[in-house]
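# Need a 3D model of the following:
(chains A, B, C and D)
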4 protein chains.
Amino acid sequence: LIKEYEGEGEEHIPTLGIPDEEFSAVKKLITREEVRVISLAKLQLRHDMTLWDIGAGSGSISVEADHLLPNGRVFAVERNPQCLHFLRENLCKFNTRHVALVEGEAPDCLETLPDPDRVFIGGSGGNLWEILETVDGRLPAEGRVVVNAVTLDTLTAAIEFFENAGYELEVTTVNIARTHPLTDYKLFEAHNPVFVLSADKL
Amino acid sequence: LIKEYEGEGEEHIPTLGIPDEEFSAVKKLITREEVRVISLAKLQLRHDMTLWDIGAGSGSISVEADHLLPNGRVFAVERNPQCLHFLRENLCKFNTRHVALVEGEAPDCLETLPDPDRVFIGGSGGNLWEILETVDGRLPAEGRVVVNAVTLDTLTAAIEFFENAGYELEVTTVNIARTHPLTDYKLFEAHNPVFVLSADKL
Amino acid sequence: LIKEYEGEGEEHIPTLGIPDEEFSAVKKLITREEVRVISLAKLQLRHDMTLWDIGAGSGSISVEADHLLPNGRVFAVERNPQCLHFLRENLCKFNTRHVALVEGEAPDCLETLPDPDRVFIGGSGGNLWEILETVDGRLPAEGRVVVNAVTLDTLTAAIEFFENAGYELEVTTVNIARTHPLTDYKLFEAHNPVFVLSADKL
Amino acid sequence: LIKEYEGEGEEHIPTLGIPDEEFSAVKKLITREEVRVISLAKLQLRHDMTLWDIGAGSGSISVEADHLLPNGRVFAVERNPQCLHFLRENLCKFNTRHVALVEGEAPDCLETLPDPDRVFIGGSGGNLWEILETVDGRLPAEGRVVVNAVTLDTLTAAIEFFENAGYELEVTTVNIARTHPLTDYKLFEAHNPVFVLSADKL
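Alright, predicted model coming up:
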């Protein structure tokens, strides 16, 4: 039995769609709100699943996934010291209940984790292929991997991996622009496009 | 105290991002998965809020909001008989707990509902201005309205209303395209763009 | 009889699609290559037409239109001294033949110009409505106006004007992102979206 | 010495941006106006160049390139009988002066053509790799190839080819939506996104 949302500070935190500026983060390195919720939707999380969040950055995916996995677990994997600093701050601020922080470099640090049902890869630090191989070895059938690609290289490498490994692949391109509510001059400002890959293991 | 996810069928329902094809719907009239979760994020729902879903259509917003409002309420307002048929089917299929169906034409049928904290307008059947006036009269300060505009007319009318009424307005343009996982020929297919307006009452 | 392309320097200038970096310009204020050619296409220029380029900026539209109007005329209207500096430089560099520079503030400075067949409005310096009224008074039936809107305010004001004035209006949204050929790290970088309005006088 | 635009019917043809509906074509198989002019811009045509238009379809690229190559040549290569029918009709209708029709299957039918300065590939009928190899063998240094990719497979294969062959590659994603001028209900309708690859031989 779970009673959610009892903390005081949490009263102002939405159950989905925490605004970007609420996260402590290296500016521009956060997965933007719109892409974040699309990625969460593509992960098709069910209440008791185990999620690996690889290249967790400032932790925005882990924090929001925590709400969506009331009986599950999230492992937030990150190696960059500056990101780790912000990640800790955010896990604390948003009072996550099911998120474990994993310091270290993927894929090595994945070895001791429990097998995932879902894997999110937001950043790969140059090890994408090795990470995907390790993920593939640990993911059960019907497991799903979601990758956010912002460069041509990540896009083509991830596609190649999933097609060779026999996954069922969907690619979604996301182009978002926003005006600012607080300026008079309402310019539409574009975010860089993100390719959200959703790959199902058969 | 809430025990979530006890039904059998529900085991396969994600806590966010139900695939479009899982909903009974008039084809092409459903708010697509990606736009749906962005709209939910923009609504900034908190656990015990009251949401009016005006022009609920097949109910995809209400169904997903139900998960995000464990202690709240959703009023799904719809007048079209065919949509109502699908809406009922979906509320039943997804076993929503906090969604009440309101048959009738907005804004008239809104009169007897409790005041909203959040309002989503997915369709207005030609009454957009009247609906916004009624919503404005009932929404408390710090309340928020989210409108999905797919036509130029809805876009400009909604902007005009919110600017005249002194709301803080953000407009997000969403351009999405997807490949199909099950075809060999992986064409990127575009959805029509949606303008997601988020307006805060001051 | 016209002999085109006789200069030496011009040998390396394409007949369409001059790269952004070839223009002297206030960085970020140039109409980007992709939006520029779409705007030129929407103008539906015929060989002997008269074009007003209002808010000509660094002149990229005028320079490219010059190639497309071998027997026509372009009036490049600009009031900003810094832009005028770059505009002069570009007209000289690209050796335009049919472009006249008009220093001054629109709509006042439009009075002495010959009537246009086509009008491009890239910037309006806060006088959009007055400019459109003047343009409407001078444009013959079957004339066409193309407006590039990057802000919500320009978009809604221009739509309102054209709908009230009985023009046939098309709005095209343009979302572009590009990788850089010369970097290893091929990030897709988005340009801000542009709304290209094409309005036909009946 | 060239005197352009002497025909009667041509008086109504713009020098750039012929509307899609002016072309005889298999519906939906035409390169849409906006993508067409971006592709032409990326080709960086100079007045006396030789262009191969491979998979010319209904010929919209060849027809517009004809205007941009007053002293050059276009070879429109197509194998599909239905497309050839429309292609002939369009070359005739638009009175092209420098376009030669090449019936047959690429890459075989390219053998007898003069070397190109520019190559556009709008469709490859499953032979993309072989076509690119042949093109690479015939294209001089500083030549440029532009490919329109609408599927994941064409996108990744073309990227792989150009990166292996040492070309300088830019990828532009183009997302366009349009309202219809003649309907009351101004819905933004999206075109499928196109990846425009521009590859320079070093």
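# Quick check: residue A:109 vs chain D, distance?
Distance, residue A:109 to chain D, using C-beta to the nearest C-beta, to the nearest Å: 30 Å. Just so you know, the C-beta spots here come from the backbone N, C-alpha and C atoms, and that holds for glycine as well.
# That residue: neighbouring residues, count only.
16 (other C-beta atoms under 10 Å in any protein chain shown).
# what about chain A, any weak spots by pLDDT?
Filtered on pLDDT under 70, chain A yields the residue ranges A:1-11.
# Helices of chain A, start to end?
Secondary structure of chain A (DSSP state H): helices located at A:33-43, A:60-68, A:81-93, A:128-138, A:152-164.
# Nearest the middle, which residue of chain A would you pick?
Chain A has residue A:61 as the residue nearest its centroid, 3.9 Å off, counting by C-alpha atoms, centre = their mean.
# Those residues of chain A touching chain D, which are they?
Residues of chain A lying close to chain D (C-beta under 8 Å from any C-beta of the partner chain) are A:152, A:156, A:159, A:160, A:171, A:173, A:175, A:193.
# what's around residue A:85, how many residues?
14.
# would JSON lines of the helices of chain A with distance to chain B be doable?
Formatted as JSON lines, the helices of chain A follow (distance: least, C-beta to the nearest C-beta, whole Å):
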{"stretch": "helix A:33-43", "distance to chain B": "3"}
{"stretch": "helix A:60-68", "distance to chain B": "4"}
{"stretch": "helix A:81-93", "distance to chain B": "16"}
{"stretch": "helix A:128-138", "distance to chain B": "17"}
{"stretch": "helix A:152-164", "distance to chain B": "9"}
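# mind giving me TSV with those helices and columns for distance to residue B:97?
Compiled in TSV, the helices of chain A are given as follows (distance: least, C-beta to C-beta, whole Å):
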stretch	distance to residue B:97
helix A:33-43	21
helix A:60-68	17
helix A:81-93	29
helix A:128-138	35
helix A:152-164	37
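# Could you identify the most distant pair in the residues of chain A next to chain D?
Maximum pairwise distance among the residues of chain A next to chain D (C-beta to C-beta): 23.6 Å, between A:160 and A:175.
# who's more crowded, those two?
Neighbours were counted for residue A:160 and for residue A:175 using other C-beta under 10 Å; residue A:175 has more, 27 against 14.
# What distance do you get for the residue nearest to residue A:56 when sequence neighbours are not counted to residue D:187?
Excluding the flanking residues, the one nearest residue A:56 by C-beta to C-beta, 6 or more residues apart in numbering or on different chains is residue A:76, at 3.8 Å. Using C-beta to C-beta, to the nearest Å, residue A:76 is found at 42 Å from residue D:187.
# I figured the residue nearest to the centre of chain A hits residue A:52, correct?
No - applying C-beta atoms under 8 Å, one finds residue A:61 not in contact with residue A:52, separated by 10.7 Å.
# what touches both of the two?
Overlap between the contact sets of residue A:61 and residue A:52, as judged by C-beta atoms under 8 Å, 6 or more residues apart in numbering or on different chains, is given by residue A:120.
# chain center to the longest strand seen in chain A, what's the gap?
Scanning chain A for the strand with the most residues, using DSSP state E, yields strand A:168-178. Using C-alpha atoms, centre = their mean, to the nearest Å, the mean C-alpha position of strand A:168-178 is found 15 Å from that of the whole chain.
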